[in-house]
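[1] could you work out the structure for the sequence below:
(one chain, ligands or ions: 2)
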Amino acid sequence: MKIEELRKRLAEKNLAGLLVTDKINRRYLCGFTGSNGLLLVTENNLRLFVDGRYTQQAQQQTTEVEICEIPVGGNLIEALRPFVKGLSLGFEAGTISYQAFTGFQALMIEVNGELVATKNLVEGLRIIKTAKEIAAIKQAAAIADQTLEMILPMIRVGMTELELANEIDYRSKKLGSEGPAFETIVASGERTALPHAHASQKKITANELIMIDFGAIYQGYYSDITRTFGFGEVGAEIKETYQKVLAAQKQAIQAVALGKTLGNIDQTARQALAQENLAQYFSHNLGHGIGLSCHEYPALAPTESLPIEKNMTFTIEPGVYLSDSEFGIRIEDDIVVNEAGHAELLTHFSKEWMTIDCNR
Ligand code: ZN
Ligand code: ZN
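    Ligands and ions are numbered 1, 2, ... in the order given. All right, here's what the predicted structure looks like:
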C-alpha cells in the first residue's frame, strides 16, 4: 500500500524511482531497521542494498523485497549500476550526505540517467498513520504516562536535574521503552525559562517550578510529553500563567477539525495567548508530527497550510518563557485525529495545576 502510493507520487513527478537513503523512511517502506543500507524503489521492483553484516536481518525483516548484498571489497555504487541505467531517479535532498550525493550523481551521469532532488516524498506518506502505527504510539504514550506517575513521588530536595532525568530514562525503559525519545529535559526554577534546557547539575530546591519533557519509544514509534508543576509552593504569577497556557493548549486541542489546516491550530493557541499578552513569549511552533521519529513532518507552524486529516498524529505544546520573571511553562500532549476529525489524546497524565510535596 505504502509503496503503491509512493509509486503514484513518483509517477506524478515523472520519476522512474527513488533512492531511499533516509534510515527512517527505509524502515517505514520496507521494515528493515538496520542503520546502513539503501532502498531503491522503482516502478516494478523494490531492492534493498546491504553489506554482509545486514543480509540476514534484511531477509528476516522484509517481504517482497529483493536483497542485494554488496560483496566484500565492493561498493554500493557498483551494486546499483545494473539497475539504474537511463533512469530518472529521485533522491532525498534533505537527509543525504554530500559524499553519498556526489557518488550517486557521478553514477547517474555515467549511465545516462538523471538524479532529481525530492523533498518530503516519503515523509508526506508518513503523516497518515495506520491502526497498527497508532497502537504503537499509544503504547509509547502509555509508557510515558506511567513513567511520570512513578517519577513524581521520587523527587527530593537536593536531587540534581540530571539525576532526575536519568531516573526518568531508567524507569521508562523498565516500563518497556526502547530508549529515550530524545535527551530528557528536566529544568527547575529559573531554568524553566529556557525552552530547551538540558538537564544540568543544578540541584532541585523546595518551592520552585519543575518542567519535564521526555518521551518513550515502542516498536520504533515515539511519544513526547511535557508537564510543568510546582515542587512546593510557587508564586501567584506562575500559577496564573500556568492556567493561561493550559487554556490555550485545551483550546488548540478542541480546535482540531477536518477542513482546518495545521496552521489554524497553531493560530488558535497563539491568539489565546495573545489575549493574555503572552504571545510574545511563545517562541516556537505549536507542535510537530510524531511517529517513527519524535519530531517529524509536518510542523504545526502558524503558516502551515496542510489540511487536517484522519489518523494524523502530532503534539500540541504551547509554551511561554518569561526570562525577566525567570520562569517558563510548557504543556505538551500527543494526539491522534480520530474518525470524526477531532483530536483524541494519546497522553493522559493529568495536566491540571499540581503541587508536589517537597517536605518528604
Ligand atoms: Zn517534548
Ligand atoms: Zn514535542
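[2] got the residues of the chain near ligand 2?
    Asp224, Thr315 (CB under 5 Å from the ion). C-beta coordinates here come from the backbone N, C-alpha and C atoms, glycine included.
[3] for ligand 1, what are the nearby residues on the chain?
    Counting by CB under 5 Å from the ion, the chain comes close to ligand 1 at Asp213, Asp224, Thr226, Glu332.
[4] which one of these has the most neighbours?
    Neighbour count (other CB atoms under 10 Å) singles out Asp224 as the most crowded of these, with 27 neighbours.
[5] contacting residues around that residue?
    144, 181-182, 213-215, 290, 294-295, 315, 317, 332, 334 (CB atoms under 8 Å, 6 or more residues apart in numbering).
[6] of all those, which comes closest to ligand 2?
    The shortest approach to ligand 2 among these belongs to Thr315, at 4.3 Å (CB to the ion).
[7] which SSE is the closest one in?
    Per DSSP states H and E, Thr315 falls inside strand 313-316.
[8] three-state assignment of the residue in the stretch 1-150 of the chain that ligand 1 sits nearest to?
    Per CB to the ion, Ala144 is where the stretch 1-150 of the chain lies closest to ligand 1, at 9.8 Å. Following DSSP: H, G, I helix; E, B strand; the rest coil, Ala144 is assigned to helix.
[9] the one 5 residues further on now?
    Glu149 falls in the helix class when you classify it by three-state DSSP.
[10] the residue most central in space within the chain and Ala269, how far apart?
    Within the chain, the residue whose C-alpha comes closest to the C-alpha centroid is Cys294; the distance, by CA atoms, centre = their mean, is 1.9 Å. Using CB to CB, to the nearest Å, one gets 20 Å for the distance from Cys294 to Ala269.
[11] go ahead and confirm the residue of the stretch 1-150 of the chain closest to ligand 1 touches Thr347.
    Yes: the criterion here is CB atoms under 8 Å, and Ala144 meets it with Thr347 at 6.3 Å.
[12] so those two - more neighbours on which side?
    Ala144 (30 against 25).
[13] just the pLDDT at Val336, thanks.
    Note for Val336: predicted pLDDT of 98.
[14] a strand runs through it, doesn't it?
    Yes: membership of Val336 in a strand is supported by three-state DSSP.
[15] now do the contacts for it.
    Lys129, Ile134, Ile137, Lys138, Asn311, Met312, Thr313, Ala343, Glu344, Leu346.
[16] give me the beta-bridge partners of it?
    Here Val336 sits in beta bridges with Thr313, Glu344, as judged by DSSP bridges.
[17] distance of it from Pro307?
    Val336 is 16 Å from Pro307, where distance means CB to CB.
[18] and what of Gln275?
    According to CB to CB, Gln275 and Pro307 sit 26 Å apart.
[19] got the contact list for the closest residue to ligand 1 within the stretch 251-360 of the chain?
    Going by CB to the ion, ligand 1 is nearest to Glu332 of the stretch 251-360 of the chain, at 4.9 Å. Neighbour list for Glu332: Asp213, Asp224, Ile225, Thr226, Arg227, Gly287, Thr315, Ile316, Glu317, Gly319, Thr347 [criterion: CB under 8 Å, 6+ apart].
[20] just the buried positions in the helix or strand harbouring Leu209, please.
    Assigning secondary structure by DSSP H and E places Leu209 in strand 208-214. By 16 or more other CB atoms under 10 Å, the buried positions in strand 208-214 come out as Glu208, Leu209, Ile210, Met211, Ile212, Asp213, Phe214.
[21] would you confirm that Lys173 contacts Glu167?
    No: taking contacts as CB under 8 Å, Lys173 lies outside contact range of Glu167: 10.9 Å.
[22] quick check on the closest residue to ligand 2 within the stretch 101-250 of the chain: phi, psi?
    Of all residues in the stretch 101-250 of the chain, the one sitting closest to ligand 2 is Asp224 (4.1 Å; CB to the ion). Backbone torsions for Asp224, taken as degrees, to the nearest 10, come to phi -160, psi 120.
[23] quick one, phi/psi of the residue lying closest to it once chain neighbours are set aside?
    Spatially, and ignoring its direct neighbours in sequence, Asp224 is nearest to Gly215 (4.0 Å; CB to CB, 6 or more residues apart in numbering). In terms of degrees, to the nearest 10, the main-chain angles of Gly215 are phi -160, psi 170.
[24] quick check: Gly215 touching Ile185?
    No: judged on CB under 8 Å, Gly215 makes no contact with Ile185 at a distance of 10.1 Å.
[25] looking at the two, which has the bigger crowd around it?
    The residue with more neighbours, out of Gly215 and Ile185, is Gly215; 28 against 22, by other CB under 10 Å.
[26] can you give me the strands for the stretch 101-250 of the chain?
    Taking DSSP state E, counting those that start in this stretch, the strands of the stretch 101-250 of the chain run over residues 114-118, 185-188, 208-214, 217-218, 221-222, 225-231.
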